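1. sequence-free structure coming up:
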């Protein structure tokens, strides 16, 4: 699974492979091995140099909201974004304040508009569905807010980078 991680304003690419309780991660080219303990929220992190760290994760990364990672006594707050699930969050830079634009990832056709202008939405709420290369992609809200604008209608064709909707 390929993700983007944002921590302290810095965005890095993360690739995670899970097999049972064993997790391997590549963080911007650095390899890490993790062992998840099923009876607790703790993880044992083994770095490439053989160092071992006791880690704990609080929060649900699937919501797109920040999670807290504790390494020993140090706390790190980070946001994980799946570029396939929330492409608009990547385009909005993962920002949670100000307006967020939902953009078409590639040329396609609008097959459904799932929400109306003025509607209140939570992060991850489906806004529009774009069909591109015979695949339908649900564009989701990158933040909690109100739909300020819907710039497309069903049947409209869009180009990659076109602003489909704005969430404030």
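-> Arrived safely, thanks for sending. Owing to the predicted nature of the structure, the values given are computational and were not obtained by experimental measurement. Numbers count the residues shown, from 1 in each chain.
2. tell me the secondary structure for residue 160?
-> Assigned state for residue 160: coil (three-state reduction, DSSP: H, G, I helix; E, B strand; the rest coil).
3. So which residue is dead centre in the chain?
-> residue 81 (2.0 Å; Cα atoms, centre = their mean).
4. wait, isn't that one in contact with residue 1?
-> No: taking Cβ atoms under 8 Å as the definition, residue 81 is not a contact partner of residue 1, at 11.7 Å. To be clear about C-beta, it is placed using only N, CA and C from the backbone, and glycine gets the same treatment.
5. re the thing from before, what are the bridge partners for the residue nearest to the centre of the chain, then?
-> Judged by DSSP bridges, the bridge partners of residue 81 are residue 4.
6. any idea how far it is from residue 74?
-> Going from residue 81 to residue 74 by Cβ to Cβ, to the nearest Å gives 23 Å.
7. for residue 105, same thing?
-> 36 Å.
8. Which one's more surrounded, the two?
-> Between residue 105 and residue 74, residue 105 has the larger neighbour count (other Cβ atoms under 10 Å), namely 18 against 9.
9. Phi first, then psi, for the more buried one.
-> phi -70, psi -20 (degrees, to the nearest 10).
10. Please name the residues that touch it.
-> 87, 130, 132, 137, 160 (Cβ atoms under 8 Å, 6 or more residues apart in numbering).
11. Which pLDDT value goes with the closest residue to the last one other than its chain neighbours?
-> The reference is to residue 160. In space, and not counting its chain neighbours, residue 160 is closest to residue 106: 4.5 Å by Cβ to Cβ, 6 or more residues apart in numbering. Residue 106 is assigned a predicted lDDT (pLDDT) of 82.
12. Show me the domain layout of the protein.
-> Per automatic domain parsing, the structural domains of the chain span 2-81, 93-167.
13. now for the longest one, what's the gap between its first and last residues?
-> End-to-end distance of domain 2-81: 9 Å, with Cα to Cα, to the nearest Å as the criterion.
14. and that domain, what's its mean pLDDT?
-> For domain 2-81, the per-residue pLDDT averages 75.
15. Before I go, just wanted to say thanks for your time.
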